[in-house]
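In: Sequence and predicted structure, then a few things I'm wondering about:
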Amino acid sequence: MREIKGISIIENASLKNLNTYKIESKAKYLIKIETLQGLIDLLKYLKENKIKYFILGAGSNIVIDDYFDGAVIKLEGLNKISVRQTEITCESGAMMGALSCTSMNHSLTGLEWAINIPGTVGGSIVGNAGAYNKEMFDNLRSIKVLDENLEVKTILKEQIKHSYRHTDLKDKPWIVIEATFELEKGNKEKSLELVRERKERRMKTQPLDMPSAGSVFRNPENDHAGRLIEACGLKGKKIGGAMVSEKHANFIVNTGNATSNDIKNLIKLVHTQVKHDFNVDLVLEQEIIDWK
Ligand SMILES: Cc1cc2nc3c(=O)[nH]c(=O)nc-3n(C[C@H](O)[C@H](O)[C@H](O)COP(=O)(O)OP(=O)(O)OC[C@H]3O[C@@H](n4cnc5c(N)ncnc54)[C@H](O)[C@@H]3O)c2cc1C
């Protein structure tokens, strides 16, 4: 594996700083991709040698396990963003904040909402991230993926089933490598003002000073998961190092040394309590990754 160009490998790597919950977890290999060809050559090698792999974005929407006996792949070198008139093309390892800033710097409007999403473009497409009644698929035109035969394919937005915080890309063995968005001409100052207001509101309402992975559950129709959880009296509820945030009940925070199990058990407890008190089946927005 070490002979493959365009990648770098760390063995027995800590993933603590690669997931926003800061769960102490390890992977047999952590592989950072610098070029698309590096990724293709690596996947060939992993498939031939029957080594399991997992594509990690910014780790901001997942609850990872304690150990992965395989290769965690980070696409961080695939992060180029280019602008042509009202069209932006972005590699999937780029951060959402970089995509949003680039669009505003070119006086384009449509991606202001994305500035506070601490994820990659790839992870955000797969999960159809969104905020303030906007979502990834609003301005998306097409994506490029590496398919199961390691061929690059262009997929139009219309070919992807998507709904609130969900796409059918989750069920496909594809790796998103690039996305193209169509935006509109806007006003940079207006966009920056909007972003400033929203940032202030987030700082006031979300526990951004503690490790978390954002909203735990999707909002049920015409209601808020946070309202239901708070009404169950669960704010401040703790299991081990995991706690339902005192500031926003739909956030679970790591108070210092939360394990993967602490977080998963607290998620279960909250789900059961809300079902018991309100007969509402909350749907998880975060993804529990089972590496066993
Ligand atoms: C403080 C905070 C606030 C947040 N606010 C919001 C919000 O307002 N709205 C919102 O929607 N989300 C929010 N989130 C959640 C999160 O940031 C988003 O869901 C984000 O889109 C996840 O991207 P990621 O790169 O971190 O994906 P990860 O969590 O790393 O991965 C998620 C899934 O995508 C897969 N994946 C990642 N990259 C690729 C790829 N290139 N190809 C194929 N599969 C891939 C992974 O294997 C995994 O299954 C918030 C999180 C935090 C911590």
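Out: Now that the structure is in, tell me what you want to look at.
In: and the nearest residue to Val145 once chain neighbours are set aside, what does it touch?
Out: Leaving aside its sequence neighbours, Val145 sits nearest to Trp174 (C-beta to C-beta, 6 or more residues apart in numbering; 4.0 Å). No exception for glycine: its C-beta is placed from N, CA and C like everyone else's. Contacts for Trp174 were tallied using C-beta atoms under 8 Å, 6 or more residues apart in numbering; they are Val145, Leu146, Asp147, Glu148, Lys153.
In: Please tell me how far Trp174 sits from Asn149.
Out: When C-beta to C-beta, to the nearest Å is the yardstick, Trp174 and Asn149 sit 11 Å from each other.
In: returning to that earlier point: what is the nearest of the contacts of Trp174 to Glu197?
Out: Nearest to Glu197 among these is Val145, at 35.6 Å by C-beta to C-beta.
In: which stretches of the stretch 51-200 of the chain form strands?
Out: For the stretch 51-200 of the chain, strands defined by DSSP state E, counting those that start in this stretch occupy the ranges 53-56, 62-63, 67-74, 81-84, 87-91, 108-109, 130-131, 134-135, 140-146, 152-156, 162-163, 166-167, 175-182, 184-185.
In: how about the residues of the chain near the ligand?
Out: With C-beta under 6 Å from any ligand atom as the criterion, the chain meets the ligand at residues 20, 54-62, 75, 92, 117-120, 122-124, 126-127, 129-131, 175-176, 208, 212-214, 287.
In: picking that back up, deepest-packed of the strands of the stretch 51-200 of the chain, please.
Out: Between those, strand 62-63 has the highest mean count of neighbours, a mean of 24, where neighbours are mean count of other C-beta atoms under 10 Å.
In: what's the offset of it from the middle of its chain?
Out: Between the centre of strand 62-63 and the centre of its chain there are 9 Å (C-alpha atoms, centre = their mean, to the nearest Å).
In: Just name the closest of the contacts of Trp174 to the ligand, please.
Out: Looking at the contacts of Trp174 and their distance to the ligand, the nearest is Val145, at 7.4 Å (C-beta to the nearest ligand atom).
In: before we move on, back to that, now, which of the residues of the chain next to the ligand lie within helices?
Out: Per DSSP state H, helices hold the following members of these: Gly122, Gly123, Ser124, Val126.
In: I'd like the distance between the third one and Leu78.
Out: So the one you mean is Ser124. Counting by C-beta to C-beta, the gap from Ser124 to Leu78 is 14 Å.
In: again with the last one
Out: Distance of Val126 to Leu78, given as C-beta to C-beta: 15 Å.
In: higher neighbour count, the two?
Out: Comparing Val126 with Leu78 by other C-beta atoms under 10 Å, the one with more neighbours is Val126, at 27 against 24.
In: Just give the nearest non-adjacent residue to that one, would you?
Out: Leu169 (4.8 Å).
In: Return the residues in contact with the one you found.
Out: Leu169 is in contact with Ile125, Val126, Val145, Ile160, Val176, counting by C-beta under 8 Å, 6+ apart.
In: What of Val63?
Out: Remark: with contacts taken as C-beta under 8 Å, 6+ apart, Val63 is in contact with Tyr21, Ile23, Ala213, Ser260, Ile263, Lys264, Ile267, Gln286, Glu287, Ile288, Ile289.
In: nearest to Arg196, of these?
Out: Lowest distance from Arg196 to these (C-beta to C-beta) belongs to Ala213, with 24.7 Å.
In: Domain-wise, how is the protein divided?
Out: Following automatic domain parsing, the chain resolves into domains at 7-74, 81-191, 207-288.
In: Distance-wise, check Lys204 relative to the ligand.
Out: Remark: distance between Lys204 and the ligand (C-beta to the nearest ligand atom, to the nearest Å) = 13 Å.
In: where in the stretch 151-292 of the chain is pLDDT low?
Out: By pLDDT under 70, the stretch 151-292 of the chain contains no weakly predicted segment.
In: For the ligand, what is the nearest residue in it?
Out: Closest point on the stretch 151-292 of the chain to the ligand, by C-beta to the nearest ligand atom, is Gly214, at 2.5 Å.
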